[in-house]
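>>> I would like the atomic coordinates for the input below:
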Amino acid sequence: MSNAAVLAPPRSSMLHQKLKQPPGLIGTITFIAVLAIGILYVGFQISNDLSSVVIDNIWPYLLLGMALFIALGFEFVNGFHDTAVAVATVIYTHSLEPRLAVVWSGVWNFVGVLTSSGAVAFSIVSLLPVELIQRSGSGPGFAMVFALLVAAIVWNLATWWLGLPSSSSHTLIGSIIGVGLANQLMDKHSGTSGVDWEQAIRIFKALLISPVVGFTVAALLLLLCKMLIKDKRLYEAPVGDAPPPLWIRGLLILTCTGVSFAHGSNDGQKGMGLIMLILIGTLPTAYALNHAVSARDVQNFVAISEQAAQVVYAHEDKSVIVTDARTDLTDYIRTRQYSARTMPALRDVILSTSQQAATYKEIKSVPANKQAGVRNDLYLIGEALHLLQKSNHVRFSRDEEAVLTRYRKSVDQTTKFIPTWVKVAVALALGLGTMVGWKRIVITVGEKIGKEKMTYAQGTSAQLVAMGTIFAADTFGLPVSTTHVLSSGVAGTMTANNGGLQFCTIRNIAMAWVLTLPASALLSASLFLLFRQFV
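Below is the predicted model of the structure:
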């Protein structure tokens, strides 16, 4: 597959002339100003977070800077692919000028990132080996983060250069699996030394089903529109450089806005969880625990901890004596093998963290040298409860399940948080990536999937389905590929409209889809084994 074959330009048109136009002076100045303000804000917040941190040497700062640069580099390259897809339909239907479409999409991506819940971020992190998460500040932890991010960046850049709409989600999942398998080979442990396959399969299903949903539902939606909406203009391809009728143009811009917002809310989170691992590993005093948790929240945590301990006590073997609760609990999480020591160990760790919370009364009052330990204890509790509640090791009643679920939410409030400045940094990286690399993917989606020009109804149908699919995945905390959903939606509308598909392009996209997982896994595993020798 040659680069020239994929990127061969179509016949000359006014649209292509617009695509080649450099950004205007006002737009450039505005973007630089926004970027500068964002960088200053991020820098100020980091400085404020570190103001109370005492570090003897510069090494943690160097590691932090390097890791953040690579993590934001992944989001930058992510903008090449996924954010660019969101603007293809409005550009090729002449609903918005190319440069304006990119800026408009960037704004709503930014809003989507800022308002994201973080569920997808921690869903991604949960795929990683637990012991590497707990050792995120050690050599193996840094080797893990560097390997999976560098592998994802390399594969994304390769597919972007060929103009192929590859999935950043698919790439990142493959990279995580590669690291997990390499870690298992090195440590020769079972369970969490490798990959959480149950969680991986859950995410695979979302990544596999979402393109099928995009293709099928977009095709059906187009056919439904033809039955219900009789305005012939909706089913016509753009003529010349004229924009569509006002109401059609408004609909296309609205759906572009929805896809951009949904993309920011879902895809923007993929790097956030990894950035939090970096922050926790390098500067646990500032980022191990959520300092925004109020004193009242801590009181509630202490109260619900007592209830959770009582639930656990009701199911434990009273004759068992535990000497090292944390080791027993870690063994259960690693091996998934329940023993008589599991429940007493869990209760001991729950009561230990509850006593510390009652003593310090506020999260920010926990001594600096104890914050990482408290976080690890809370993480052990959360993972152990997750395993117990989804397994048949212990049968809890409905009321007991409700108590444990409330307790886990209280634990997550303390450990699963994302500072606003992290969201701002990710949003800026996504936006900057879109500004730099949007053209290649836009041309592929707009011209190389179908044999005929895209009609207004086709663009709207594909965008509506992509927006709905991504919002649904975001609700359930699942990562999906904006690229795959929207590209398959365009293909579905072309098929339903009897426009035909360019099978050369479809073949290349499918090949990239099939190769992404094994290629990124192999690359990240190789890099992890290499980095472990030096970090």
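>>> Quick check: phi and psi on the nearest residue to residue 38 once chain neighbours are set aside?
Leaving aside its sequence neighbours, residue 38 sits nearest to residue 428 (C-beta to C-beta, 6 or more residues apart in numbering; 4.6 Å). Placement of C-beta: from N, CA and C, glycine included. For residue 428, the backbone dihedrals (degrees, to the nearest 10) come out as phi -70, psi -40.
>>> My guess is residue 428 contacts residue 37. True?
No: here residue 428 does not reach residue 37: they are 9.6 Å apart, not a contact under C-beta atoms under 8 Å.
>>> Comparing the two, which residue is more hemmed in?
Of the pair residue 428 and residue 37, residue 428 is the one with more neighbours under other C-beta atoms under 10 Å, namely 24 against 12.
>>> what about the more buried one, distance to residue 503?
To residue 503, residue 428 is 38 Å away according to C-beta to C-beta, to the nearest Å.
>>> Measure how far stretch 37-56 is from the centre of its chain, please.
24 Å (C-alpha atoms, centre = their mean, to the nearest Å).
>>> Next, the buried residues of it.
38, 42, 45, 46, 49, 50 (16 or more other C-beta atoms under 10 Å).
>>> Remind me what the helix or strand where the fifth one lies packs against, helices and strands.
With the criterion set as DSSP states H and E, the secondary-structure element containing residue 49 is helix 25-50. With contacts defined as 3 or more C-beta pairs under 8 Å, 6 or more residues apart in numbering; DSSP states H and E, the packing partners of helix 25-50 are helix 98-114, helix 284-287, helix 420-447.
>>> Can you give me the buried ones in the helix or strand following that helix?
Per DSSP H and E, helix 25-50 leads on to helix 59-78 as the next helix or strand towards the C-terminus. The neighbour-count check on helix 59-78 (16+ other C-beta under 10 Å) flags 60, 63-64, 67-68, 70-78 as buried.
>>> contacting residues around helix 59-78?
55, 142, 145-146, 149-150, 152-153, 156-157, 160, 168, 172, 267-268, 270-271, 274-275, 278-279, 282-283, 425-426, 429-430, 432-433, 436-437 (C-beta atoms under 8 Å, 6 or more residues apart in numbering).
>>> Show me the domain layout of the chain.
58-283+420-531, 291-415 (automatic domain parsing).
>>> most tightly surrounded among those domains?
Counting by mean count of other C-beta atoms under 10 Å, domain 58-283+420-531 has the highest mean neighbour count of these, with a mean of 22.
>>> measure that domain end to end?
The first and final residues of domain 58-283+420-531 sit 21 Å from each other (C-alpha to C-alpha, to the nearest Å).
>>> what about that domain, average pLDDT?
If you average the pLDDT over domain 58-283+420-531, you get 78.
>>> Give me the distance from it to the chain's centre.
Distance, centroid of domain 58-283+420-531 to centroid of chain: 9 Å (C-alpha atoms, centre = their mean).
>>> Same question for stretch 385-400.
Using C-alpha atoms, centre = their mean, the offset of stretch 385-400 from its chain centre is 28 Å.
>>> Give me the contact list for it.
Under C-beta under 8 Å, 6+ apart, the answer for stretch 385-400 is 311, 314-315, 332-333, 336, 338, 342-343, 346, 401, 404-405, 407-408.
>>> In those, find the pair that's most separated.
Maximum pairwise distance among the contacts of stretch 385-400 (C-beta to C-beta): 22.5 Å, between 314 and 336.
>>> picking that back up, identify the residues contacting the residue nearest to residue 38.
Applying C-beta under 8 Å, 6+ apart, the residues near residue 428 are 35, 38, 39, 42, 110.
>>> In PDB, could you pull the C-alpha coordinates for stretch 155-169?
Provided in PDB are the C-alpha atoms of stretch 155-169 (Å, rounded to 0.1, in the frame of the first residue of the first chain):
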ATOM      1  CA  TRP A 155       1.300   3.800  15.300                       C
ATOM      2  CA  ASN A 156      -1.000   6.800  15.200                       C
ATOM      3  CA  LEU A 157       1.600   8.800  13.300                       C
ATOM      4  CA  ALA A 158       2.200   6.000  10.800                       C
ATOM      5  CA  THR A 159      -1.500   5.600  10.000                       C
ATOM      6  CA  TRP A 160      -2.000   9.400   9.800                       C
ATOM      7  CA  TRP A 161       0.800   9.700   7.300                       C
ATOM      8  CA  LEU A 162      -0.900   7.200   5.100                       C
ATOM      9  CA  GLY A 163      -4.200   9.100   5.500                       C
ATOM     10  CA  LEU A 164      -5.900   6.100   7.200                       C
ATOM     11  CA  PRO A 165      -8.600   6.900   9.900                       C
ATOM     12  CA  SER A 166      -7.100   4.600  12.500                       C
ATOM     13  CA  SER A 167      -8.500   4.400  16.000                       C
ATOM     14  CA  SER A 168      -6.600   6.000  18.900                       C
ATOM     15  CA  SER A 169      -8.700   4.000  21.300                       C
END
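>>> Which secondary structure element is home to residue 389?
Taking DSSP H and E as the criterion, residue 389 maps to helix 368-390.
>>> helix or strand right after that helix?
Scanning onward from helix 368-390 (DSSP H and E), the first element met is helix 398-415.
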